[in-house]
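> sharing a sequence plus its predicted fold:
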Amino acid sequence: MKNQYNNFPDKVMASVALLEKIKQQGDLVRKLKAEKAPKEKAFKFGSLDTEEELKALDNYFLDQSYVDNFNFSGYDLCLLKYFQTKSLNFENQTNLLRWQKHTECLSNDNGLSKQKEATIKNVLEHFAKSIKAQNHSVTNYQNLDEEIAKLKALKLELGDEGGGGGGGAPQGGKLILKTAKGTRDYQPQQMAVREKVFDMIISTFKRHGAETIDTPVFELKDVLTGKYGEDSKLIYDLANQGGEILALRYDLTVPFARYCAMNKISNIKRYHIAKVYRRDNPSIARGRLREFYQCDFDIAGQYDAMMPDAECVKIVQEILSGMNVGKFVVKVNHRMILDGIFEVCGVKADMFRTICSSVDKLDKSPWEEVRKEMIDEKGLDGESADKIGEFVRMNGGEELIEELLKSKLADSKTAKQGLEDMRLLLRYCDIYGCTDVVSFDLSLARGLDYYTGVIYEAVLCGDAKDANGEDITVGSVAGGGRYDGLVGMFDPKKRSVPCVGVSIGIERLFSIMEANMNKQDVKIRTVDTQVFVITAQKNLVEERMKIVGELWSNDIRTEHSYKKNPKMLNQLQYCEENGIPLAVVIGESELEKGVVKLRSISSREEVEVGRGELVANIRTRLSIKPQSE
């Protein structure tokens, strides 16, 4: 029989030779990158149909969703029309092709297609400001790409020879260890805090009678498309594997609606805690990530007005009050009130959603900038914008509702119904004891397309500071609203299931809590060990293990040293460092008498306890109920 290892030395020699090639190729790539780095100047565009121009544009759209960063504008429509007249094929420019398909899709949207017109000259001027060229020829761009491709091929070849997955760093090569942009690792201390917070949130959800579900981390792209308005550009598309077109979930609400439609669910109160993904500009310090947890609570079903909606507000109040993140306010509004405002201010019905997305930016931008966007980019006339501005700068409570019911806004039946709903919501919030943190705010818009009724958003009041005394700005920390039509979008028979819910932005809250911990220098327990078994002499490891096994069997969280003959001082020091409250100490004299010493780590007091009474004694000291209970 032929020995399968006969050619092993040859494989080793081949791998060594391949590693040397990878090293040489890596040196070449680093050299080209170093030559490319300095002295940037504006890239000069001409007819936009040469290979180097398309290459530059393809590189630009690698990190940008649209011509103007992440903002869909008239630049995109102009560039699309220009390319259509030239009948260009972007088969080799995958990022440019993605931009083209996305822009074609948005150009069919009546609201989004009405952007301020631009000329190709405007577009080229914008690119000239945004895209830089190096002080070497475009050929060097191509050379660098070619050499990088060769390096990747060599690494892949090495992976194939080694029987692994390929693509790994060669031995001796320089591998930069980092998490992907917008993601992060969590240390044990951070995870200990997160677990406690998650437990508190789940306890709140369960106190209100919710059950939990789970859905896949990715969905069919068609499930997510058209549900998020202008935020659709933040969806992570997955590479086409020759099968279904997929995307990572953007939130937990749309998958929940799909779940209800697919399983023919007409009423459920559910919570869901899971990760979602957004191709946003991340800021770790502000808790804005590309991969992050959402904690959702939703009530689906046909119920009397504002009763489920008020409970969602109460849940936000309970959770934020229990997290010690400072003062907060829960802003509430109603989509029907907003639509009524747009109606009486002369906005065309097909522009409601796009104008609503502009209003949604008032929490981050001053009114002057929002007004400019409405007029210059959305095509709204100045008079209508000014009328909208009078309304969206109002906030208050029941007195504001009464004032609006006497104003011209009451001429809109839509707005009048929304105001009646809002009055009932505030009344129920008063009964639940949470009106002190609720504010009726007409600037609140929530840009997602699927909201149909009440909307709410919780924000911190800005008095949280870091260790240097600087304000910690994290934006909204919870949000949600009513979405009565979303399930019907998925149901084959267009069956409507009214829904309302709220999502807690847990990552942003954690950024505040971490800053508070750093400021206070708080020591966090990362293990829940209750008892540590200690040996005072050598050669007692088996006796120690017997006690450990007995305590484990009785559901007492127990540890011991993994060394046969550890020093007693080191064992006691481990208990102190990890906050372990009790230690069981055994020695030869204790074994002879059939007892152990039970030591309190904090007070250092010791008592002798019979072996048969050890479990009961520990349970009493730790206030642990017997397993049978």
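Nice, I can see it. Residues are numbered from 1 along each chain as shown.
> okay, the residue lying closest to Ile524 once chain neighbours are set aside: pLDDT?
What sits nearest to Ile524 in space, not counting adjacent residues and going by CB to CB, 6 or more residues apart in numbering, is Gln189, at 4.4 Å. Yep, even glycine has a C-beta here, placed from its N, CA and C like the rest. Looking at Gln189, its pLDDT stands at 88.
> for the stretch 351-500 of the chain, what spans make up the helices?
352-359, 367-372, 382-392, 398-405, 413-431, 486-490 (DSSP state H, counting those that start in this stretch).
> and the contacts of the second one?
Which is helix 367-372. 358-359, 361-362, 385-386, 389, 392-393 (CB atoms under 8 Å, 6 or more residues apart in numbering).
> now the two most distant members of these.
The span of those, defined through CB to CB, is set by Lys361 and Asp386 at 17.2 Å.
> okay, the residue nearest to the spatial centre of the chain and Leu246: tell me how far apart.
Taking CA atoms, centre = their mean as the criterion, Phe292 is the residue nearest the geometric centre of the chain, at 2.6 Å. Distance of Phe292 to Leu246, given as CB to CB, to the nearest Å: 20 Å.
> go on, Ala257?
18 Å.
> more neighbours, these two?
Ala257 (25 against 19; other CB atoms under 10 Å).
> what mean pLDDT would you report for the host helix or strand of that one?
According to DSSP states H and E, Ala257 maps onto helix 253-262. Helix 253-262 comes out with an average pLDDT of 95.
> circling back to that earlier point, got TSV for the helices of the stretch 351-500 of the chain, with distance to Asn518 too?
Shown next, in TSV, are the helices of the stretch 351-500 of the chain (distance: least, CB to CB, whole Å):
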stretch	distance to Asn518
helix 352-359	36
helix 367-372	34
helix 382-392	37
helix 398-405	40
helix 413-431	35
helix 486-490	40
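> most packed of these?
With neighbours taken as mean count of other CB atoms under 10 Å, the helices of the stretch 351-500 of the chain reach their highest mean count in helix 352-359, at a mean of 23.
> quick one: secondary structure of the residue nearest to Ile524?
Under DSSP: H, G, I helix; E, B strand; the rest coil, Gln189 falls in the helix class.
> residues in contact with stretch 435-445?
With CB under 8 Å, 6+ apart, stretch 435-445 has contacts from 313, 317, 320, 328-333, 337-338, 341, 356-357, 359-360, 362-363, 391-398, 400-401, 422, 426, 429, 455-457.
> which residues in the stretch 51-200 of the chain form strands?
For the stretch 51-200 of the chain, applying DSSP state E, counting those that start in this stretch gives strands covering 132-133.
> quick one: buried residues of the helix holding Ala257?
253-261 (16 or more other CB atoms under 10 Å).
> contacts for that helix?
Residues contacting helix 253-262 (CB under 8 Å, 6+ apart): 213, 215-216, 219, 223-224, 227, 249, 265-266, 268, 270, 272, 296, 298, 300, 450, 483, 486-491, 495, 497, 499, 501, 503.
> I only care about the residues you listed that end up buried; give me the PyMOL line for that.
Restricted to buried positions by 16+ other CB under 10 Å, the PyMOL selection for the contacts of helix 253-262 reads:
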select buried, resi 213+215+219+223+224+227+249+265+268+270+272+296+298+300+450+483+486+487+489+490+491+497+499+501+503
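> the contacts of helix 253-262 in strands, which ones?
219, 268, 270, 272, 296, 298, 300, 499, 501, 503 (DSSP state E).
> nearest to Gln537 among those residues?
His272 (53.7 Å).
> quick revisit: okay, the helices of the stretch 351-500 of the chain in a markdown table with distance to Lys564 and mean pLDDT next?
Formatted as a markdown table, the helices of the stretch 351-500 of the chain follow (distance: least, CB to CB, whole Å; pLDDT from 0 to 100):
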| stretch | distance to Lys564 | mean pLDDT |
| --- | --- | --- |
| helix 352-359 | 67 | 85 |
| helix 367-372 | 70 | 90 |
| helix 382-392 | 72 | 90 |
| helix 398-405 | 73 | 92 |
| helix 413-431 | 63 | 95 |
| helix 486-490 | 62 | 92 |
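> how far away is Lys563 from Arg30?
46 Å.
> and for Arg286?
Distance of Arg286 to Arg30, given as CB to CB: 34 Å.
> over to Gln187?
Relative to Arg30, and taking CB to CB, Gln187 is found at 32 Å.
> and what of Lys181?
Distance from Lys181 to Arg30, by CB to CB: 22 Å.
> A helix includes Tyr293, no?
No. Tyr293 sits outside any helix when classified using three-state DSSP, being strand.
> ok, it touching Lys275?
Yes. Counting by CB atoms under 8 Å, Tyr293 does reach Lys275; the two are 5.6 Å apart.
> of those two, who's got more company?
Tyr293 (17 against 14).
> measure the more buried one to Ile284 for me?
On the measure of CB to CB, Tyr293 and Ile284 end up 15 Å apart.
> now do the helix or strand hosting Leu569: distance to the chain's middle.
Assigned by DSSP H and E, Leu569 falls within helix 568-577. Here helix 568-577 is found 40 Å from its chain centre; the criterion is CA atoms, centre = their mean, to the nearest Å.
> and if you look at stretch 264-272?
Computed by CA atoms, centre = their mean, the chain-centroid distance of stretch 264-272 equals 23 Å.
> do stretch 511-519 as well
Distance, centroid of stretch 511-519 to centroid of chain: 19 Å (CA atoms, centre = their mean).
> re earlier: for the residue nearest to Ile524, give me its contacts.
For Gln189, the contact set (CB under 8 Å, 6+ apart) comprises 517, 524, 526.
> and the residues you listed, which are buried?
Met517.
> using CSV, lay out the contacts of Gln189 together with pLDDT, distance to Glu369 and secondary structure.
CSV is the format used below for the contacts of Gln189 (pLDDT from 0 to 100; distance: CB to CB, whole Å; DSSP: H, G, I helix; E, B strand; the rest coil):
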residue, pLDDT, distance to Glu369, secondary structure
Met517, 75, 36, helix
Ile524, 84, 42, coil
Thr526, 90, 45, coil
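> hmm, back to that, from Glu576, how far out is the residue nearest to Ile524?
In terms of CB to CB, Gln189 sits 17 Å off from Glu576.
> equivalent analysis for Arg249, please.
From Arg249 to Glu576 the distance is 45 Å (CB to CB).
> check Asp363 too.
The value you get for Asp363 to Glu576, if CB to CB is used, is 47 Å.
> more neighbours: which of those two?
Asp363 (15 against 10).
> tell me the contacts of that one?
Asp363 is in contact with 443-444, 457, 459, 475-476, counting by CB under 8 Å, 6+ apart.
> report pLDDT for it.
Reported pLDDT for Asp363: 77.
> any stretches of the stretch 201-350 of the chain with poor pLDDT?
Applying pLDDT under 70 to the stretch 201-350 of the chain flags residues 285.
> can you give me the neighbour number for the spatially closest residue to Gly396 that is not a sequence neighbour?
Nearest non-adjacent residue to Gly396, counting by CB to CB, 6+ apart: Phe440, 5.8 Å away. Look at Phe440: counted by other CB under 10 Å, it has 24 neighbours.
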